[in-house]
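Asker: Let's see this in three dimensions:
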Amino acid sequence: MKRVFKNLTLSADTACSGCLIPLFSSLRRMEKEGFFPDRQIEFVLGRERSAGAAAKVLFLGTCTRGSCGKDPWLNGCPPTKEEMFAFIKKNIQVIKNSRGLV
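Answerer: A predicted model of the protein is given here:
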């Protein structure tokens, strides 16, 4: 993952395959479409807490609801790969728009 997505951090030690599979599918689709974040993004899955060092933290799946605070959160147990891709893409675009990059 780090070879292709140098700006991504994954916090998923307790995540199940239900969330990991759609995430990796979404990342593969991002790779195929040439859609890469230009700032550090952390994905949090499972019953994790964010390290908080990334420019943007995205919480994925029902298990992360209690940890997300005001950060973007995608509900679902598990979210579908289509929902996950749309959520990730939207939030990466928000980052780029806030910096005037799009």
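Asker: low-confidence ranges in the chain?
Answerer: 50-52, 95-102 (pLDDT under 70).
Asker: repeat that for 50
Answerer: 100-102 (pLDDT under 50).
Asker: What are the boundaries of the helices in it?
Answerer: 17-33, 81-98 (DSSP state H).
Asker: possible to save those as CSV with mean neighbour count?
Answerer: In short, each C-beta sits where N, CA and C put it, glycine included. Converted to CSV, those look like this (neighbours: other C-beta atoms under 10 Å):
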stretch, mean neighbour count
helix 17-33, 16
helix 81-98, 16
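Asker: Identify whichever of these lies nearest to Ile41.
Answerer: helix 81-98 (7.0 Å; C-beta to C-beta).
Asker: Out of the helices of the chain, flag the one nearest Arg65.
Answerer: helix 17-33 (12.6 Å).
Asker: residue contacts, Pro79?
Answerer: Cys19, Pro22, Leu60, Gly61, Phe87 (C-beta atoms under 8 Å, 6 or more residues apart in numbering).
Asker: run the last query once more with 7 Å
Answerer: Contact partners of Pro79, counting by C-beta atoms under 7 Å, 6 or more residues apart in numbering, are Pro22, Leu60, Gly61.
Asker: Tabulate the residues you listed in TSV, adding columns for distance to Lys2.
Answerer: Shown next, in TSV, are the contacts of Pro79 (distance: C-beta to C-beta, whole Å):
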residue	distance to Lys2
Pro22	20
Leu60	18
Gly61	22
